[in-house]
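Chemist: Structure for this input, please:
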Amino acid sequence: MNTEGLTHHTSSRFNEDLERIRASVLEMGGLVERQLHDALGGVANGDSYNALAVAQQELRINQMERSIDEDCSRVLATRSPAATDLRLLIAVLKTITDLERIGDESEKIATIATHLAGGERPRSRYRELRHIGALVTTMLREALDAFARLDADLAFKVARRDRAVDEEYEAIHRQCITFMMEDPRTIRRALDAMWMVRAIERIGDHAKNICEYVIYTVHGKDVRHTRLEDAERELRMAAAENTSTAAAVIGLSPDGNKLPG
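Modeler: Predicted structure coming up:
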């Protein structure tokens with residue numbers, strides 16, 4: 001696990017606490033990934049037994065959220081963290097909430113998949129649902145990777161993909177409405193598909209949130225409610241300005257050459 005973004009302390013116990021919390025978040029993230037995979041598998045395979053397995057995983061995820069929350073509260077109360085460490089703990093508390101909600105949405109998907117499995121499957125075998133599911137699964141995996149490495153560049157990249165997920169969601173939504181208008185017999189199935197794609201789209205939103213927490217941890221900037229392009233441009237300009245200032249202090253030009261004088 002990359003720890004370069006963390007402050008190193010004279011207290012090794014503090015470092016161990018932070019590492020343990022990060023490891024627990026990633027373990028929770030792995031369980032959530034598995035839960036989503038199983039739920040989407042029920043859609044692809046027409047499996048009516050996945051709902052129980054996903055529900056059991058949800059109980060474990062809820063337990064982990066409470067445990068990590070308690071660990072963060074203890075560190076905040078006893079260690080008085082500051083700067084990057086404080087931002088990391090805040091990001092962890094927010095991240096585990098989003099992970100738990102992803103678990104809730106995955107459980108919804110698995111439950112709806114049982115309804116779909118009991119009915120006639122379309123010739124497309126829900127190809128559109130499987131496609132948006134794959135997009136969101138990749139978003140979640142890479143958002144957790146960005147968290148693990150505190151990689152703000154990757155976080156920006158993943159967060160931008162939420163727009164593609166939103167576009168897919170709108171397209172499937174319109175398609176379902178068309179099906180219902182053309183053939184009333186498809187209403188129940190189309191409604192189930194609409195509820196399911198809504199849950200998938202919400203998972204994409206939660207993955208984007210995790211990326212925003214990574215950016216906040218690394219740069220100390222809250223990019224929520226801000227255009228990602230604007231935030232990324234502003235951070236790059238600030239970094240370039242800091243580099244120029246530091247170079248001037250030590251008597252170098254921004255390109256690394258020694259200033260005359």
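Chemist: quick one: contacts of stretch 200-209?
Modeler: 36, 94-95, 98-99, 101-102, 105-106, 109, 129, 132-133, 135-136, 139-140, 143, 158-159, 161-162, 165-166, 169, 224 (C-beta atoms under 8 Å, 6 or more residues apart in numbering). (C-beta placed from N, C-alpha, C; glycine too.)
Chemist: taking the residues you listed one by one, which sit in helices?
Modeler: Among the contacts of stretch 200-209, the members falling in helices (DSSP state H) are 36, 94-95, 98-99, 101-102, 105-106, 109, 129, 132-133, 135-136, 139-140, 143, 158-159, 162, 165-166, 169.
Chemist: Kindly supply the PyMOL command isolating those of these that are buried.
Modeler: Selecting only the buried entries of the ones in helices among the contacts of stretch 200-209 in PyMOL, with 16 or more other C-beta atoms under 10 Å as the criterion:
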select buried, resi 36+95+98+99+101+102+105+106+109+129+132+133+135+136+139+140+143+158+159+162+165+169
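Chemist: how near is Val165 to Lys208?
Modeler: 9 Å (C-beta to C-beta, to the nearest Å).
Chemist: overlap in contacts of these two?
Modeler: Met139.
Chemist: Reduced to three states, what does Thr226 come out as?
Modeler: Secondary structure, DSSP: H, G, I helix; E, B strand; the rest coil: Thr226 is coil.
Chemist: measure it to Leu235 for me?
Modeler: Distance from Thr226 to Leu235, by C-beta to C-beta: 11 Å.
Chemist: Those two: who's more crowded?
Modeler: Taking other C-beta atoms under 10 Å, Thr226 and Leu235 do not tie; Leu235 has more neighbours (18 against 13).
Chemist: List the residues that contact that one.
Modeler: Per C-beta under 8 Å, 6+ apart, neighbours of Leu235: 152, 219, 221.
Chemist: Least confident of those?
Modeler: The member of the contacts of Leu235 with the lowest pLDDT is Lys221, at 89.
Chemist: number of nearby residues for that residue?
Modeler: Count around Lys221 with other C-beta under 10 Å applied: 15.
Chemist: Same question for Tyr126.
Modeler: Tyr126: 21 surrounding residues under other C-beta under 10 Å.
Chemist: Surely it and Leu116 touch.
Modeler: Yes - taking contacts as C-beta atoms under 8 Å, Tyr126 lies within contact range of Leu116: 7.3 Å.
Chemist: Overlap of the contact sets of the two?
Modeler: 43, 193.
Chemist: Just confirm Gly133 contacts Asp38, I think it does.
Modeler: No - using C-beta under 8 Å, Gly133 and Asp38 do not qualify as a contacting pair, with a distance of 11.7 Å.
Chemist: so Pro81, which of the three states?
Modeler: coil.
Chemist: Could you check how far it is from Tyr126?
Modeler: Separation of Pro81 from Tyr126 (C-beta to C-beta) stands at 46 Å.
Chemist: Same question for Ser80.
Modeler: As judged by C-beta to C-beta, Ser80 and Tyr126 stand 51 Å apart.
Chemist: Need the phi and psi values for Arg161.
Modeler: Per-residue torsions, Arg161: phi -70, psi -10 (degrees, to the nearest 10).
Chemist: That one: neighbouring residues, count only.
Modeler: Other residues within reach of Arg161, judged by other C-beta under 10 Å, total 19.
Chemist: which ones are touching it?
Modeler: Neighbouring residues of Arg161 by C-beta under 8 Å, 6+ apart: 135, 138-139, 204.
Chemist: mind listing the strands for this structure?
Modeler: Assigned by DSSP state E, the chain shows no strands.
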